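can't give you the sequence, but here's the structure:
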Ligand code: GLN
Ligand code: ZN
C-alpha cells in the first residue's frame, strides 16, 4: 500500500468498539469477576483484542490510527485512574493484595466500577445524548492528582510493535472536570472545575511521557464543549490549551469535539495554540461548517472532519460527504477524514448479519463498514474521484435501493400521518372532568397503590424465553409459562392489597425490543451489540421503514390478567419517544415524522386495550428526558414533537379511561413544562432517593394532575421499613394535595428478586393504609 504523504488527506477514527467479534471482552471480564480467569489471563485477552483492532484499522487503510481507546470497562473511569483520582473507599478493595500487581490494580479499578460488598461504586450516568453510560469521577477540594500513564503508554507500545505510530486519545481536562461530581463531603458550593490549575500539570506530565516514547499527535476529547457553556468554562478552556500547548516536551495536540456543533467554543479553540481540531459535521453539528467559514477557517491548523455519522447504522451519502469535504479543504492547513465520533456507539460488522435480506444489508454500515467509507472519502480527495468510482457507484446504488424500497415507504402510513389534525393529539375533555369520570368508574381509595409494570424476571422465565428461541419448547408451552407467571403476579398483588394491578410484563425481555418485533418498519440484528455500560451490551432494533401495527401486541396478556381479578389491571405500553430513543433511527426523514408514525401505531394498541375493557392504560416514557438535544436552542422543537407524539398515542380515549405515564428520573429542570404538556392523568416518577424532592418542584410549578412519586428505591436490594414509606408519603402530602397522590415504587421491579419485592410491596400498602386513616 502507498502510504499517503502527511499533507494529503488521510482517514482516521476517534475510537472503535472494544468488545471483540463475539463479545470476547465481556466474557473475559465476567470470568475474571467470578474467579474463572486470573488477572493475567484477562489482561492477555484484552491485549489480543487490541492487537486485532489495530491490525483491522491498519488493514482497512486508515492513515492514522488512534490509541488508548480501548477500555476494560469505561473510558471515563480509565481517565480518573490515569489522573490518580481514585476515591479512598475504593483503594481499600486492594488491601489484601500486593500493590502494583495486576490483581491489585484490577481489584481497585473494578471496585470503582461496581462497588464491593462494603462500598458503593462510582455513580453511573449517560454519556451525553447517547445510550452509553460512563462512571462519574468524584472530586473534592482535597483531591490530589497524580499521573498514572501506564495504560496509554502500554497501548502505544503495543501498536508500535505492529509498526504503527498511534495518536493516543485522552479525555480532555475540561470535559473530565465537567463530567465529575463533588465527593460526598465536599462543601455545597464546590465545583470540580476549580481544580483545573491542579490538574493541568498532570496532563502536561502525561504529554511529556507520550512524547518520550515517540507519539507525534495526542488527541484530547472535549465533547462537553458542544453544550451551552458559560464564559467561565470558555475561559477555562482557553487557559487549559494555552497551558498545555506551552508544555516543554509534547506531541502535537488535536482537540476533538462531537455530538453537536462547538458554537461559542469554536473561536476559543480556533484561537488556541493547539495544532489541530476534530469537528463533527453531521446532523445538528453541521452548523460547524458555517461557524468555521465565518472565522475564515483555521489556516494554521489541521482539521479532522467528521463527515460520516458515527452514531447511526446507515450507509452514508458519500457524495454529500465529499461535497462537505471539498468545501472544507480551503478552510484548514491540512484536512483529514473521520467518522463524527468514536465508533463505540455502533455495532461491529454488518457483514455478520446473514439473516437480513442481502438487499437491506447493503443499506447498512456498522463500524467495520464505516472504516471503508472513511477510507473511500480520503482516497477520493487524494487520488481523485475516479480512483474510487466503483465504491461511489455502489454507495449510490445502495441508497437508491433503500429510498425506493417498499420496506422504507408504505403509502398507507404516510397518508395516515398526513391526515393527522391537531385535535387528534388533544383529549376532548379537560383534566378535572376526566378525573371525576375516572373516579366514578374506578372507585379508588385516596392514595391508591400501584406498581410501574414489571415484576421480577425469574430464571424460569428467562429459560422459557431462551427455550422458545432455540425450539426446546413450543409456543403453547411458552404461553403456559407466561400465564402461570401472570397468575402468580396477580394473586400476589391482590393479597398484598394493591389497588391498580399489572400483569407483570413476563412476556417482555426488553420494553422496546418487544414492541419492535411486533411493528412493521423495524429490523432486528443478530450480532448488532453495542456497549451500554461495562460488560452490558444491548442490541438496539433498527427503525428502517414506515411503521404500522399489523395486529394487537399486548391485548391477550391484558385480557388474561383482567379475567383473573375484579380490580383494575393497567394496560402497559412503551411510548413513542422511548421507542425511538433506544433504537437506531432513520436518517432519511425528520425524527418528528418517525415519532408520529410510531405514535399512530401505538394509538391503535391503546384503542384495542380500551375496547378490551382497560380502564387504566400506562404509556412509559423513561427516555423523554435523555433524548433532549444537547443545545438549549433545540429544546423547544424537540419537546414539541415528543409531547405531541405522546398525546397522539393517548388522546383518543374516553374521558373515563385513565392514562398513566412513567418516567424514571428525578431531575426535571428543563422538562417540567413538557411533563405538563403530555397531559397524562397520572404520572409516576423516581423520587425515593431524593426524598421526594420532585414533589417540591411539582408543587412550585402548580402541577395540576395526579402524581405517583416513587417511595421504593428499586435500584437497591434493600427492603425499606413501613415507617420509611410513611415518612416519605407524609412529606409528599405536605407539598401536594392528597387527592392527587398515588403510592408506587420508583420504577419496574424486573431487576429485583421476589424475596425483596414481596415484603417491600406489602409494607408499601400497609403504609398507604396508615396514612389514609389519618387523612
Ligand atoms: N413498565 C416498565 C417496567 O416496569 C417501565 C420500565 C422503565 O421505566 N424503564 O419495567
Ligand atoms: Zn422507570
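Thanks, I have the structure now. All values derive from a computational prediction rather than experimental measurement. Numbers count the residues shown, from 1 in each chain. Ligands and ions are numbered 1, 2, ... in the order given.

which intervals of the protein have sub-threshold pLDDT?
For the chain, applying pLDDT under 70 flags the ranges 1-7, 666.

got the residues of it near ligand 1?
452-454, 505, 511, 572, 620, 622, 662, 664, 747-748, 750 (Cβ under 6 Å from any ligand atom). Heads up, the C-betas are built off the backbone N, CA and C, glycines and all.

redo that, cut-off 5 Å
452-454, 620, 622, 664, 748, 750 (Cβ under 5 Å from any ligand atom).

got a winner among the residues you listed for most neighbours?
Greatest neighbour count in the residues of the chain next to ligand 1, by other Cβ atoms under 10 Å, goes to residue 452: 27 neighbours.

A helix includes it, no?
No - using DSSP: H, G, I helix; E, B strand; the rest coil, the secondary structure at residue 452 is coil, not a helix.

so who does it touch?
By Cβ atoms under 8 Å, 6 or more residues apart in numbering, residue 452 lies in contact with 502, 618, 620, 662, 684, 744-749.

show me what contacts residue 15?
With contacts defined as Cβ under 8 Å, 6+ apart, the neighbours of residue 15 are 66, 69, 75, 169, 341-344.

buried set for stretch 215-225?
Using 16 or more other Cβ atoms under 10 Å as the test for burial, stretch 215-225 gives 215, 217-225.

want to throw those into a markdown table with secondary structure and distance to ligand 2?
Formatted as a markdown table, the buried residues of stretch 215-225 follow (DSSP: H, G, I helix; E, B strand; the rest coil; distance: Cβ to the ion, whole Å):
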| residue | secondary structure | distance to ligand 2 |
| --- | --- | --- |
| 215 | coil | 44 |
| 217 | strand | 43 |
| 218 | strand | 40 |
| 219 | strand | 36 |
| 220 | strand | 36 |
| 221 | strand | 30 |
| 222 | coil | 32 |
| 223 | helix | 26 |
| 224 | helix | 27 |
| 225 | helix | 31 |
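
in this structure, which strand has the most residues?
strand 298-308 (DSSP state E).

list the buried residues in that one.
298, 301-308.

touching it from outside, list them.
So strand 298-308 is contacted by 12, 14, 252, 254, 256, 258, 270, 274-282, 285, 292, 316, 321, 324-325, 328, 331-341, 365, 370, 373-374, 377 (Cβ under 8 Å, 6+ apart).

which residues in the stretch 451-600 of the chain form strands?
Here the stretch 451-600 of the chain has its strands, by DSSP state E, counting those that start in this stretch, at 520-523, 530-533, 536-538, 542-548, 570-574.

how about those, which one is nearest residue 131?
strand 530-533 (6.1 Å; Cβ to Cβ).

can you give me the helices for the stretch 51-200 of the chain?
For the stretch 51-200 of the chain, the helices defined by DSSP state H, counting those that start in this stretch cover 75-82, 88-91, 102-114, 150-161, 173-179, 196-212.

select only the buried ones of the contacts of strand 298-308 in ChimeraX?
Written as a ChimeraX command, the selection of buried residues from those, which uses 16+ other Cβ under 10 Å, is:
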select :12,14,252,254,256,258,270,274,275,276,277,278,279,280,281,282,285,292,316,321,324,325,328,331,332,334,335,336,337,338,339,340,341,365,370,373,374,377
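
so which of the contacts of strand 298-308 are in strands?
Mapping the contacts of strand 298-308 onto strands (DSSP E) picks out 252, 254, 256, 276-280, 332-339.

looking at these, which is nearest residue 646?
Distance ranking of the ones in strands among the contacts of strand 298-308 against residue 646, using Cβ to Cβ, places residue 280 first at 29.4 Å.

so which of the residues of the chain next to ligand 1 is the closest to residue 708?
When the residues of the chain next to ligand 1 are compared against residue 708 (criterion: Cβ to Cβ), the nearest one is residue 452, at 8.6 Å.

how far away is the closest one from residue 572?
Applying Cβ to Cβ, to the nearest Å, the value for residue 452 to residue 572 is 9 Å.

go on, residue 509?
Distance, residue 509 to residue 572, by Cβ to Cβ: 15 Å.

between those two, who's got more neighbours?
Looking at residue 509 and residue 572 with other Cβ under 10 Å, you find the greater number of neighbours at residue 572, namely 28 against 16.

these two touch, right, the more buried one and residue 501?
No - with contacts defined as Cβ atoms under 8 Å, residue 572 does not count as touching residue 501, sitting 10.8 Å away.

between the two, what contacts are shared?
Contact with both residue 572 and residue 501 is made by no residue, according to Cβ under 8 Å, 6+ apart.

follow-up on the earlier one: same list, the contacts of residue 452, but as JSON lines with secondary structure please.
Below are those laid out as JSON lines (three-state DSSP):
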{"residue": "502", "secondary structure": "coil"}
{"residue": "618", "secondary structure": "strand"}
{"residue": "620", "secondary structure": "strand"}
{"residue": "662", "secondary structure": "strand"}
{"residue": "684", "secondary structure": "strand"}
{"residue": "744", "secondary structure": "strand"}
{"residue": "745", "secondary structure": "coil"}
{"residue": "746", "secondary structure": "coil"}
{"residue": "747", "secondary structure": "coil"}
{"residue": "748", "secondary structure": "coil"}
{"residue": "749", "secondary structure": "coil"}
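
which ones among those also lie next to ligand 2?
Filtering the contacts of residue 452 for proximity to ligand 2 by Cβ under 5 Å from the ion leaves residue 747.

phi, psi for the residue nearest to the spatial centre of the chain please.
The structure's the chain has its C-alpha centroid closest to residue 131; by Cα atoms, centre = their mean the separation is 1.4 Å. In terms of degrees, to the nearest 10, the main-chain angles of residue 131 are phi -100, psi 20.

quick one: contacts for it?
345, 530, 532, 538, 540, 581-582.

contact partners for the residue in the stretch 101-250 of the chain that ligand 2 sits nearest to?
In the stretch 101-250 of the chain, no residue comes nearer to ligand 2 than residue 126, which is 14.2 Å away by Cβ to the ion. For residue 126, the contacting residues are 132-134, 626, by Cβ under 8 Å, 6+ apart.

so which of those wins on neighbours?
Among the contacts of residue 126, the one with the most neighbours (other Cβ under 10 Å) is residue 134, at 25 neighbours.

quick check: closest non-adjacent residue to that one.
Nearest non-adjacent residue to residue 134, counting by Cβ to Cβ, 6 or more residues apart in numbering: residue 76, 3.9 Å away.

residues near the one you found, how many?
24.

same check, this time on residue 33
Neighbour count of residue 33, defined by other Cβ under 10 Å: 14.

could you find the closest non-adjacent residue to it?
Closest to residue 33 by Cβ to Cβ, 6+ apart is residue 110, at 7.1 Å.

show me what contacts that neighbour?
33, 73, 93.

shared neighbours, residue 452 and residue 572?
Common contact partners of residue 452 and residue 572 (Cβ under 8 Å, 6+ apart): 502, 618, 620.

so which of those residues comes closest to residue 229?
When the shared contacts of residue 452 and residue 572 are compared for distance to residue 229 (Cβ to Cβ), residue 620 wins out at 32.6 Å.
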